[in-house]
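A.B. asks: turn this into a model:
(2 chains)
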Number of protein chains: 2
Amino acid sequence: MSLRCAGDIDTRSLEEMFINLDPIQAGGRLTSEAMKAVIAYADGYSVCDNCQKPARLDAISKPPLATFHKDLAAFVEMDEARLMPGARRGFQAVASSFVNPGDPVLVTSYCHYTTFVAVEVAGGVVYEIAASPDHYSTPDMVAERIEEVIAKTKRTPALLFLEEVDYQYGNVHPVKEMAAVAHQYDIPVLYNGAYTVGIKEVSGADFGVDFVVGSGHKSMAAPAPSGFLATRAEYADVVFRTSKVHGDLTGRNFPVKEVELLGCTLMGNTSVGMMASFPHVKERVKHFDKEVARANKIIDALLSIEGMEVVSEYPRKHTLTRMNSEKCFDPIAKKHKKRGFFLISALRERHVTGIIPGSTKVWKMNSFGLTDRQADWVADAFLEIAEAEGLHVNR
Amino acid sequence: MSLRCAGDIDTRSLEEMFINLDPIQAGGRLTSEAMKAVIAYADGYSVCDNCQKPARLDAISKPPLATFHKDLAAFVEMDEARLMPGARRGFQAVASSFVNPGDPVLVTSYCHYTTFVAVEVAGGVVYEIAASPDHYSTPDMVAERIEEVIAKTKRTPALLFLEEVDYQYGNVHPVKEMAAVAHQYDIPVLYNGAYTVGIKEVSGADFGVDFVVGSGHKSMAAPAPSGFLATRAEYADVVFRTSKVHGDLTGRNFPVKEVELLGCTLMGNTSVGMMASFPHVKERVKHFDKEVARANKIIDALLSIEGMEVVSEYPRKHTLTRMNSEKCFDPIAKKHKKRGFFLISALRERHVTGIIPGSTKVWKMNSFGLTDRQADWVADAFLEIAEAEGLHVNR
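C.D. replies: Coordinates of the predicted model:
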């Protein structure tokens, strides 16, 4: 029988009971500071107690949301930042501001589905940038695609979405050079930092991008839904434009409300949780090299299993990695009584989880946030399982 | 010195230390069940542990979000419901689906600013429905305005936004009859339930509206940002339409993702908190008559202060009330050493808060959720303050 936290809702104890390698959850686990802040600010409109003129989330000084907004912009070396209910709402705000129906919009072959749907809602037409056989986007591919799109549509793309680190392979792409190409055509560039901001150091200024979007619940140790959109000053009046409407009978108007935000965004524990984790997040990005070293240690151990392949770039430069075990774990799955579930089952017996249940061909893992000891534990777990199933391990 | 929950963030203890009459906070205070669920599911992607095909929030069965989505739709007697990061994102989804640039859209003179900005983002043009001197919208005013708009723009309004209970006066408007008028012109009707769903019983079917939007953090005892959009089956394929785009190079497509939601919406404590409070919320709406009785008791006490006026309809039919104390508290503010702040200051000495600091002319209060004893306490606090300042009270 499981423990219930309320009604028919099981208490979640996954992070307490397992080492969790889930690709999307690794960077979002709350800090203890965020946990305390969440409890103190759990009520819906909790941050609004001291909301004064201008009545807007980014102007509230108690709790210190105004300072936090400035700190966030500085953190990614951009000029202005606003909290958003998830990175996807940042994509939507930019697409809604820059894309007219029928406009071509460039995305990479590795972009997240929310990039597609943000463009789709705005009525834009998505054109993908080609991918190299070893899973990179390159500046040449950006240039080539822009020329193709202009030739085909007689329109310059309205926007380019880039990921420095993609969610599929966790590969590092040359965003600075790619952004520079787009700027030769005056195409605004959005940097999707869902897997980087809060994980590694990110400078929007250095990359020369126009927008930086981050995810609170994916990479900034914050509750969901949370995230932010930062912009260069040049575009702040566009994406953070304020309401221009007047009630035609009452004359009411709302000149402080930012329309793409629908006014305020994160009124409760989402914003305060993100803010409470921020000092830790600012510090941890400085030590990403250690995270990468741990990731490589785990991947090296995995590669000592005969037949195991890493599909991501190697050595690893990020903690999110795609593996291919078709030549080792998959043949075992074919004859195992648990079929493809043998792997997750054996991992869970060893208090490791986060691989998609049933996957024994291509799967992803993210070791972000593990201690050295946990990383060793994970490596050992995989090797033990391999040996128990009769696979050869080059220890 | 204040207690800190994390870093430079003061612990919020307002609900523990005061009886809170804040108009927007009253219905959003968490239940103890929600509080426990928030703690268990504080991590960002906490509800995604058991996400299977189709990979969508409303299909997750553990925690029981799939059942909760069905229960929500049934609760407001509509066909389909989806969680949203706040009611405003529900307005946006409907406006984005039904309003083309330049389309006229009808709103009431009492609509919330988020209605305006949702229409503004979609490129629509807002036309207000007139208000009666005693602060009501009526079916005749709807009909009149529709005819005017059609005559002026040669277009039928794309959408009508209605509130059963408005945020300015807390008055109850005849939404069923207003919706019927709009339907004579085939105008879809959105019912904004930010002050009703979770507070009183609401039947979208009985009102004959096409969409019901509710706010989790305003009226359903849930963390922010949370809310939902419910629709009749007829429009489900429109507002909850799924993605139709294909990657032109990779062929990637995302046919299960609902574009107006940008895929999934509330991945963590926001959805689980709302779900944990739901049994209590379903029960409390049945006892709204007692809430109204308590509100009237407080307002009656206030009206015993000479010069005090109630601006909302009276007797009250809702717990949110607008008062006018220009003839009693305001003259005191003019000569008091604390100026207009004397009122909130005196209230706080008596452990009551939630009136806008500095207001002594027109102000609002919301007694929702108070016990009988707390309601008496609030009434006594006001009368004590009035008498202490030398005002005549007809006890």
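
A.B. asks: so what's the backbone phi/psi at whichever residue of the stretch 51-200 of chain A sits closest to chain B?
C.D. replies: Nearest residue of the stretch 51-200 of chain A to chain B: A:Pro85, at 3.7 Å (C-beta to the nearest C-beta). All C-beta atoms are positioned from the backbone trio N, CA, C, and that covers glycine. Main-chain dihedrals, A:Pro85, degrees, to the nearest 10: phi -80, psi 70.

A.B. asks: count of residues packed around it?
C.D. replies: A:Pro85 has 31 neighbours, counted by other C-beta atoms under 10 Å in any protein chain shown.

A.B. asks: skipping its backbone neighbours, what lies nearest it in space?
C.D. replies: With sequence-adjacent residues excluded and distances taken as C-beta to C-beta, 6 or more residues apart in numbering or on different chains, A:Pro85 is closest to B:Pro85, at 3.7 Å.

A.B. asks: go ahead and confirm that neighbour touches B:Met267.
C.D. replies: No. The criterion here is C-beta atoms under 8 Å, and B:Pro85 misses it with B:Met267 at 10.3 Å.

A.B. asks: give me the common contacts of the two.
C.D. replies: A:Pro225 (C-beta atoms under 8 Å, 6 or more residues apart in numbering or on different chains).

A.B. asks: list the contacts for the residue of the stretch 51-200 of chain A closest to chain B?
C.D. replies: So A:Pro85 contacts A:Pro225, A:Ser226, A:Gly227, A:Thr265, A:Leu266, A:Thr270, B:Pro85, B:Gly86, B:Arg89, B:Pro225, B:Thr265 (C-beta under 8 Å, 6+ apart).

A.B. asks: next up, the contacts around A:Leu14.
C.D. replies: Per C-beta under 8 Å, 6+ apart, neighbours of A:Leu14: A:Asn20, A:Thr353, B:Asp49.

A.B. asks: do that again at 6 Å, thanks
C.D. replies: B:Asp49 (C-beta atoms under 6 Å, 6 or more residues apart in numbering or on different chains).

A.B. asks: do A:Arg145 as well
C.D. replies: By C-beta under 6 Å, 6+ apart, the neighbours of A:Arg145 are A:Ile129.

A.B. asks: and the pLDDT for it?
C.D. replies: At A:Arg145, the model reports a pLDDT of 98.

A.B. asks: which strand or helix spans it?
C.D. replies: helix A:139-153 (DSSP states H and E).

A.B. asks: regarding the nearest residue to A:Cys111 once chain neighbours are set aside, what is its secondary structure?
C.D. replies: Counting by C-beta to C-beta, 6+ apart, A:Cys111 lies nearest to A:Phe161, which is 5.7 Å off, once chain neighbours are set aside. Look at A:Phe161: counting by DSSP: H, G, I helix; E, B strand; the rest coil, its state is strand.

A.B. asks: returning to that earlier point: filter the contacts of A:Pro85 down to just the ones in strands.
C.D. replies: Counting by DSSP state E, the part of the contacts of A:Pro85 found in strands is A:Gly227.

A.B. asks: redo the contacts of A:Pro85 as TSV? Include pLDDT and distance to B:Lys327.
C.D. replies: TSV is the format used below for the contacts of A:Pro85 (pLDDT from 0 to 100; distance: C-beta to C-beta, whole Å):
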residue	pLDDT	distance to B:Lys327
A:Pro225	98	46
A:Ser226	98	46
A:Gly227	98	49
A:Thr265	98	40
A:Leu266	98	40
A:Thr270	98	43
B:Pro85	98	43
B:Gly86	98	38
B:Arg89	98	42
B:Pro225	98	39
B:Thr265	98	47
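
A.B. asks: can you give me the helices for the stretch 151-300 of chain A?
C.D. replies: A:175-184, A:204-207, A:216-219, A:233-239, A:269-284, A:288-303 (DSSP state H, counting those that start in this stretch).
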